[in-house]
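Trainee: Dropping the sequence and predicted coords here.
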Amino acid sequence: MALASLGPTAYLLAHSPSQESARAYNVIAGHLIGLCATFSAVTVLGAGETPSVFTTHELAGARVLASGLALIVAVAVELWLGASHPPAAATVLLITLGGLPVSLQSASTVVIGVLLIALLGEPLRRLRATA
C-alpha cells in the first residue's frame with residue numbers, strides 16, 4: 001500500500017504531460033509538502049494513536065481532523081510555492097487515515113517512489129508534451 005498514492009502521479013504524467021502540475025518540481029515538492037503537513041497534523045492531533053480506517057472500517061474523529069488539517073496546509077503551501085500537485089492529496093489521505101504509519105520508513109518509501117517516478121517520468125513527459 002506504500003506506493004498506492006503514487007498511481008495518480010504516474011497517471012498525470014502519462015495522460016496530461018503538458019500540465020504544470022506534472023512537472024518534476026511539482027511532483028517532488030507536492031509530495032514532500034504533503035508528507036510534512038501530514039506528519040505534523042497526525043502528530044499534533046495524536047491521530048496516530050487511533051485505529052486505522054483500513055482495519056476498523058470506521059472513521060476516528062482524530063483521523064478526520066488530521067486529514068482536513070493536513071490537506072488545508074498542504075494545498076496552501078503548494079500554492080504559495082507554485083508547486084501544485086493534486087495527486088499528492090492521495091499521499092496525505094493514505095497516511096492520515098492510517099494506511100501508512102508516521103515513520104521514517106513510510107516517508108523513505110514514499111520519497112524514493114516519488115523520486116523514481118519524477119526522474120524517470122520527466123524525460124518522457126517532456127517528449128510527450130512537445131509531440
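Mentor: Looks like it arrived, so ask away.
Trainee: any idea how far A14 lies from P8?
Mentor: Distance, A14 to P8, using Cβ to Cβ, to the nearest Å: 11 Å. In this view, the C-beta of every residue, glycine as well, is placed from N, C-alpha and C.
Trainee: cool, G48 as well?
Mentor: Counting by Cβ to Cβ, the gap from G48 to P8 is 24 Å.
Trainee: Distance-wise, check S52 relative to A90.
Mentor: Separation of S52 from A90 (Cβ to Cβ) stands at 16 Å.
Trainee: any chance you could map the helices in this protein?
Mentor: In the chain, the segments counted as helices under DSSP state H are 7-15, 24-45, 53-56, 61-81, 88-96, 104-130.
Trainee: and among the ones you listed, the most buried is which?
Mentor: helix 88-96 (a mean of 26; mean count of other Cβ atoms under 10 Å).
Trainee: list the helices and strands it packs on?
Mentor: Of the remaining helices and strands, those touching helix 88-96 by 3 or more Cβ pairs under 8 Å, 6 or more residues apart in numbering; DSSP states H and E are helix 7-15, helix 24-45, helix 61-81.
Trainee: Next, format these as CSV and append distance to R125 and mean pLDDT.
Mentor: Formatted as CSV, those follow (distance: least, Cβ to Cβ, whole Å; pLDDT from 0 to 100):
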stretch, distance to R125, mean pLDDT
helix 7-15, 5, 89
helix 24-45, 8, 97
helix 61-81, 19, 97
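Trainee: Quick one: closest of the ones you listed to S108.
Mentor: Between S108 and the helices and strands packed on helix 88-96, the tightest spacing by Cβ to Cβ is seen for helix 24-45, at 10.3 Å.
Trainee: what's the angle between that closest one and helix 104-130?
Mentor: Between helix 24-45 and helix 104-130, the angle comes out at 150 degrees (axes from the mean of the first three to the mean of the last three Cα atoms, to 10 degrees).
Trainee: What angle do helix 7-15 and helix 24-45 make with each other?
Mentor: 170 degrees.
Trainee: counting contacts, what elements does helix 24-45 pack onto?
Mentor: Right, helix 24-45 is packed against helix 7-15, helix 61-81, helix 88-96, helix 104-130 by 3+ Cβ pairs under 8 Å, 6+ apart.
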